[in-house]
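Colleague: below are the sequence and a predicted model; questions follow.
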Amino acid sequence: MIPDYGNHGAIHALKPLAMLARTPDTTRLIGLRLAIVVRTAQRARRRSTDLKARPMPRFVVLLRGVNVGKARRVPMAEFRALLEGQGFTEVKTLLNSGNAVFSSDDRSALAHSGSITASLVERFGFAVPVVVKTASQFGSAIAECPFAAAAEEHSRLLVVFTQERKALVGLSDLATLVQPPEQFDIGKHAAHLYCASGILDSKLAKALLARSGDTATSRNWATVLKINNLLRDEPA
């Protein structure tokens, strides 16, 4: 580690040389040592400034199966307060289906999922499946979508998120239910289903939603894009 010399540190570092007899050689040596100390202090200050300026990691949290009818109600204002109570900052919620973004120094999406799940049980008295993705993972799930959907078809494009990759891969056997012109793809970060005739008429969509159980949650393309805008502090 390079020492972080301040003014007093620089003086202290030069004391042994200052006690030497003044000769042209010692004068040059003191000058070189002083230049090294000054450069070291400048680098340390730049590192400190960079760390302070670095933005906190951003996350997306998605709840499954809340606020559908009168059961399993999680008011978004209370959900936001719950997240803030865990120390998360820059918390914003979207719609009533259990979507939020937040910032945290802790970079573990899996750890956040566990702590939010426990807090929801404690606060509301029932278990809610929770999927947390980093901003990078969420952006990758958008970027890897192989299907193009016009704005009026965003409700026909379904994105399925799982907390762990194993659960996502486990959905692959449902591909046998694809009815052309439907399209189904499992990527690295999410599964994508395009239902040309609409999600309600898709056998695969129904099987996918039933099969995912507590391991996954889905959002249509329009909601996914709104969440991504929220991550970027853009109008949703």
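Modeller: Alright, I've got the coordinates.
Colleague: next, the distance between the ends of stretch 179-186.
Modeller: 16 Å (C-alpha to C-alpha, to the nearest Å).
Colleague: an error on my part: the question was meant for stretch 140-155.
Modeller: 20 Å.
Colleague: mind listing what's buried in that stretch?
Modeller: Ser140, Ala141, Ile142, Cys145, Ala149, Glu153 (16 or more other C-beta atoms under 10 Å). Yep, even glycine has a C-beta here, placed from its N, CA and C like the rest.
Colleague: for the record, mean pLDDT for the strand or helix carrying Ala141?
Modeller: Per DSSP states H and E, Ala141 falls inside helix 135-143. When pLDDT is averaged along helix 135-143, the result is 97.
Colleague: who touches stretch 98-114?
Modeller: 55-64, 66-67, 74, 76, 79-80, 83, 87-94, 128, 130-135, 137, 163-164, 219, 223, 227, 230-231 (C-beta atoms under 8 Å, 6 or more residues apart in numbering).
Colleague: write the PyMOL selection for whichever of these are buried.
Modeller: In PyMOL, this line selects whichever of the contacts of stretch 98-114 come out buried by 16+ other C-beta under 10 Å:
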select buried, resi 57+58+59+60+61+62+63+64+66+67+74+76+79+80+83+88+91+92+93+94+128+130+131+132+133+134+135+137+163+219+223+227+230+231
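Colleague: and the contacts of stretch 98-114, which of them are in helices?
Modeller: Met76, Phe79, Arg80, Leu83, Ala135, Gln137, Thr223, Ile227, Leu230, Leu231 (DSSP state H).
Colleague: could I get these as TSV with distance to Leu120?
Modeller: Shown next, in TSV, are these (distance: C-beta to C-beta, whole Å):
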residue	distance to Leu120
Met76	13
Phe79	8
Arg80	13
Leu83	10
Ala135	22
Gln137	21
Thr223	20
Ile227	19
Leu230	20
Leu231	22
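Colleague: quick check: the farthest pair among these?
Modeller: Spanning the widest gap among the ones in helices among the contacts of stretch 98-114 are Met76 and Gln137, at 22.7 Å by C-beta to C-beta.
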